[in-house]
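[1] Structure of the sequence below:
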Amino acid sequence: MKIAYLSYLFLVLGVSGYAQDKTVGYEKSMWAVRNSEYPRVTSDHRAIFKIVAPDANSVQLDLGRKYNMKKNIKGEWECITDSLGAGFHYYSLLIDGVAVNDPSSETFYGCGRMMSGIDIPYSDDDVRFSISNVPHGEISMKRYFSKISNEWRRIYVYTPPFYNKDNKEYPVLYLQHGGGEDERGWSQQGLTDIILDNLIAKGEAIPMIIVMTDGNTKDFTGSLLNECIPLVENAYRVKKGKEHRALAGLSMGGIQTLNTVIENPDMFSYVGVFSSGWFSNDKNKMFGDVEKYYNMLQNDTKKYNESFKQFFITMGGKEDIAYSNCQNMLKRFDEIGVKYTYFETPGGHTWPVWRESLYRFAKLLFE
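    Got it, this is the predicted structure:
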């Protein structure tokens with residue numbers, strides 16, 4: 001009986017908001033599956049949800065905060081959210097206390113499990129994260145066997161427009177996801193190809209290859225340097241040498257980036273750290289020996305400053321969960337004399353912040 005009830009719920013649940021219907025002032029979500037009408041996004045960026053679950057005792061929407069949904073006489077549960085910030089947001093449905101995904105929405109690996117997602121449209125004059133009528137690159141997936149992890153793994157690779165029509169070699173950005181996510185994050189939630197296509201079309205970024213790897217490994221640095229980079233340099237037309245390589249990551253990926261570039265400054269000329277920073281008090285050394293890295297910077301500050309053409313650090317405002325760690329790290333950098341560029345934007349620890357971070361970082365690369 002319970003199985004039948006859950007199956008019924010998965011057939012009828014609906015959520016998210018693009019595909020414009022101007023007669024009623026809402027858009028259907030860009031992530032909604034075919035033939036789904038809910039959820040919707042209003043002109044003032046609120047999301048409307050309607051879910052058919054007549055036998056449920058309670059239904060909530062978990063999207064940043066929990067919204068209690070109200071049941072009508074048809075057995076439909078409804079709610080409308082507060083105004084939401086532009087960009088991507090994870091969400092779940094709580095049916096009688098059980099978290100489930102919305103079958104009317106595409107799902108995304110985040111928070112350590114598959115989650116539903118909704119994208120709130122950007123303003124009409126902000127087309128940086130929208131598909132435009134410009135030449136488009138491609139994202140492909142390549143499998144490889146990792147001896148370090150003793151398993152088959154995969155990378156997602158963005159190649160710029162005209163890659164398949166020319167014989168040029170391109171610089172490479174290795175781009176890392178955060179904790180609870182994987183190599184799909186930047187290509188799906190992050191809209192990496194759209195961001196780069198638009199930047200390249202405007203001449204605001206150098207055409208580049210972007211490699212998105214799985215950071216969920218016991219030895220990220222070893223996997224990147226000894227497996228991923230050799231694989232990419234053998235399989236794709238890339239420029240070799242540190243001046244043609246960049247490494248960036250968000251949250252956990254930002255710490256992995258920091259650890260890797262401090263230990264291997266001869267491998268990368270461009271560094272991006274988004275919503276991240278070494279933990280101020282990591283007694284268990286979960287992400288490495290932080291004081292060791294500070295000592296390395298202290299002992300050869302000039303070498304590091306000359307090695308990195310860009311050391312770009314971003315934060316999603318004071319509401320970002322990594323804000324304190326980052327500020328404490330930057331204070332240590334200032335004391336040591338490490339040069340960096342800092343950018344802050346409201347939004348917290350979320351994909352809208354990381355899209356903005358990639359947009360700004362990409363414009364600084366390989367000049």
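[2] Grab the CA positions of stretch 127-139 and hand them over as CSV.
    What follows is stretch 127-139 as a C-alpha-only set of coordinates in CSV (Å, rounded to 0.1, in the frame of the first residue of the first chain):
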residue,chain,number,x,y,z
VAL,A,127,22.1,38.0,-20.4
ARG,A,128,25.4,36.7,-19.1
PHE,A,129,23.9,33.4,-18.0
SER,A,130,21.3,33.0,-20.8
ILE,A,131,21.6,31.1,-24.0
SER,A,132,22.3,33.6,-26.7
ASN,A,133,22.5,33.6,-30.5
VAL,A,134,26.3,33.2,-30.5
PRO,A,135,28.7,30.4,-31.6
HIS,A,136,28.4,27.6,-29.0
GLY,A,137,31.0,25.3,-27.6
GLU,A,138,30.4,21.7,-26.5
ILE,A,139,30.5,19.8,-23.2
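[3] So which residues make contact with it?
    If you take Cβ atoms under 8 Å, 6 or more residues apart in numbering as the criterion, stretch 127-139 is touched by 87, 122, 156-164, 187, 191-201, 355, 359. C-beta coordinates here come from the backbone N, C-alpha and C atoms, glycine included.
[4] go again using 7 Å as the cut-off
    If you take Cβ atoms under 7 Å, 6 or more residues apart in numbering as the criterion, stretch 127-139 is touched by 122, 156-163, 187, 191, 193-198, 201, 355, 359.
[5] Quick check: mean pLDDT of it?
    Mean pLDDT, computed over stretch 127-139, is 96.
[6] and it, which residues are buried?
    Buried residues in stretch 127-139, counted by 16 or more other Cβ atoms under 10 Å: 128-129, 136-137, 139.
[7] did I read that right, Glu181 in a helix?
    No. Read with DSSP: H, G, I helix; E, B strand; the rest coil, Glu181 is coil and lies in no helix.
[8] count of residues packed around it?
    Using other Cβ atoms under 10 Å, Glu181 is surrounded by 27 other residues.
[9] Now do the contacts for it.
    Residues near Glu181 by Cβ under 7 Å, 6+ apart: 109-110.
[10] Pull out the buried residues from the contacts of stretch 127-139.
    Looking at these with 16+ other Cβ under 10 Å, the buried ones turn out to be 122, 156-161, 163, 187, 191, 193-198, 355, 359.
[11] So which of these are in helices?
    Judged by DSSP state H, helices contain the following of these: 187, 193-198, 355, 359.
[12] wait, which of these is closest to Gln256?
    Gln256 lies nearest to Ser187 out of those, by Cβ to Cβ, at 18.1 Å.
[13] Quick check: that closest one vs Met141, distance?
    Computed with Cβ to Cβ, to the nearest Å, the distance linking Ser187 and Met141 is 9 Å.
[14] Same question for Cys111.
    If you go by Cβ to Cβ, the gap between Cys111 and Met141 works out to 22 Å.
[15] Low-confidence regions, the stretch 251-367 of the chain specifically.
    For the stretch 251-367 of the chain, applying pLDDT under 70 flags the ranges 282-286.
[16] can you give me the helices for it?
    252-263, 290-299, 301-307, 323-336, 351-362 (DSSP state H, counting those that start in this stretch).
[17] Quick check: which helices or strands does the second one pack against?
    It stands for helix 290-299. Counting contacts by 3 or more Cβ pairs under 7 Å, 6 or more residues apart in numbering; DSSP states H and E, helix 290-299 is packed against helix 252-263, helix 323-336.
[18] now swap in the longest one and tell me
    Contacts of helix 323-336 with other secondary structure elements, assessed using 3+ Cβ pairs under 7 Å, 6+ apart, are made with helix 290-299, strand 310-315.
[19] residues of it that come out buried?
    323, 325-326, 329-330, 332-333.
[20] Not counting that helix itself, show me its contacts.
    Residues outside helix 323-336 that contact it (Cβ under 7 Å, 6+ apart): 276-280, 294, 297-298, 301, 313, 315, 340, 342.
[21] again, only this time at 8 Å
    In contact with helix 323-336 (Cβ under 8 Å, 6+ apart) are residues 275-280, 294, 297-298, 301, 313, 315-317, 320, 340, 342.
[22] Can you flag the buried ones in those?
    Using 16+ other Cβ under 10 Å as the burial test, the contacts of helix 323-336 include 275-279, 294, 297, 313, 315-316, 320, 340 as buried.
[23] Can you say which helix or strand has Glu233 in it?
    Assigned by DSSP states H and E, Glu233 belongs to helix 229-235.
[24] now that helix, how far from the centre of its chain.
    Using Cα atoms, centre = their mean, to the nearest Å, the mean C-alpha position of helix 229-235 is found 23 Å from that of the whole chain.
[25] and the helix or strand following it, which strands flank it?
    Sequence-wise, the next helix or strand downstream of helix 229-235 (DSSP H and E) is strand 245-250. Paired neighbours of strand 245-250 in the sheet (DSSP bridges): strand 172-176 (parallel), strand 270-274 (parallel).
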